[in-house]
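> sequence and computational prediction follow.
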Amino acid sequence: MKSKYIIIALLALSSLAFGYSDSVVWSDNLVDNILGYDKEGSLHLGQYFTILQSTYFKPLFFGVLFGVPAIFLIHYLIIGPMIFSHDRKKIYVFTLFNRIVHAIAGIAFILIIPTGLIMMFATTFGGGEFVRICKDIHAISTLLFIVSIVPMFLMWLRPMLPSSDDIKWMMILGGYLNKRKDPVPAGRFNAGQKMWFWLATLGGFLMIGTGVAMYFQDFRLDILVSNSISQIDFLRASAIIHNVLGLAVLALFLTHIYMSVFAIKGAIHSMINGYKEEEEVEILHSSYYKELKEKGEA
Ligand code: HEM
């Protein structure tokens, strides 16, 4: 964007010097053509890319990073956490394999998210070596994410498929707006957990693909796609998709942490030892609890 203004300033100076003031000289199209935004590439993404990168993404990331926790802080102060009895039976819900895969994804994200944000706000952090190291950590921890995301997708694919409970769950926002212990319509996973799963896995695959494209900028595009898109537009599209999905992933990751660490007291233990409190399953996953009862497992 800065370069655009430099070109406009140069055009203004030249029009003063050479005495012409035709409005065509000032048109955005001319400036864009000089910058080459619209010359190559079939998608003409140049202008969208520039405006999104220079004006919108940073404030949006800032808004999500501080806005989402602020909403949860208000929720915590007004409604507070759900607390379930620890005196009843415990139900084994996550196998050791589930927990190891999840732990790898967790470690990957703890590295990927802060380093991604540092790259987004690189100028605030002074750029240079520090941001370059973060870029490398971001790329290396993606390898950890790749290792976890394939088994996570396969191990939870079936219980994450949509069910009629999901609409009912969304209508009452999962019962999180009050502290009553009314049974919430949900199977092994509720609609909120399913959204997170699909975003983290399918969205995760897209994040990986677009991230790899940006990391290796100089690859042979024709191996991947036909010549219908130029290399520069492919990279612009990758950056836009990566950032839009990144916003959603950041928002749901913060939600996931709030739900598992703060909103449901003790929920984090289920991902450590595999067991959930029976009352928690009975209330928050009432359809699953019914199934377990029918099978005599609860
Ligand atoms: C690093 C911090 C993380 C913590 C503390 C955490 C915690 C938890 C906990 C406690 C559960 C069980 C929730 C329940 O059923 O009551 C869970 C489930 C799950 N986690 Fe995480 N998690 C983290 C990172 C991640 C990451 C990075 C991913 C995906 C890439 C992920 C994906 C899932 C999924 C799909 C489930 C099952 C559905 C759900 O409960 O949302 N988690 N996590």
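Looks like it came in fine. Numbers count the residues shown, from 1 in each chain.
> list the buried ones in the longest helix seen in the chain?
In the chain, assigned by DSSP state H, the helix with the most residues is helix 128-156. Residues of helix 128-156 classed as buried: 131, 134-135, 137-139, 141-142, 144-145, 148-149, 151-153, 155-156 (neighbour count, 16 or more other Cβ atoms under 10 Å). Quick note: C-beta positions are derived from backbone N, CA and C, even for glycine.
> ranges for the strands of the stretch 51-200 of the chain?
90-92 (DSSP state E, counting those that start in this stretch).
> quick check: residues of it near the ligand?
102, 105-106, 109-110, 189, 193, 196-197, 200 (Cβ under 6 Å from any ligand atom).
> which pair in those residues has the greatest spatial separation?
Spanning the widest gap among those are 110 and 189, at 22.5 Å by Cβ to Cβ.
> compare neighbour counts for those two and give me the winner.
Legend: neighbour count by other Cβ atoms under 10 Å for residue 110 and residue 189, higher for residue 189 (21 against 12).
> shaky segments in this protein?
Within the chain, the stretches with pLDDT under 70 are 1-42.
> so for it, the centremost residue is which one?
residue 249 (1.3 Å; Cα atoms, centre = their mean).
> distance of that residue from residue 241?
Residue 249 sits 12 Å away from residue 241, going by Cβ to Cβ, to the nearest Å.
> can you give me the domain boundaries for the protein?
1-35, 43-94+157-294 (automatic domain parsing).
> and the ones you listed, which is most packed in?
Of the domains of the chain, the one with the most neighbours on average (mean count of other Cβ atoms under 10 Å) is domain 43-94+157-294, at a mean of 16.
> contacting residues around the residue nearest to the centre of the chain?
113, 199-200, 203-204, 207 (Cβ atoms under 8 Å, 6 or more residues apart in numbering).
> so which of the residues you listed sit within helices?
Per DSSP H, the contacts of residue 249 map to helices at 113, 204, 207.
> residue 98: what's it in contact with?
Here residue 98 is in contact with 155-156, 274 (criterion: Cβ under 8 Å, 6+ apart).
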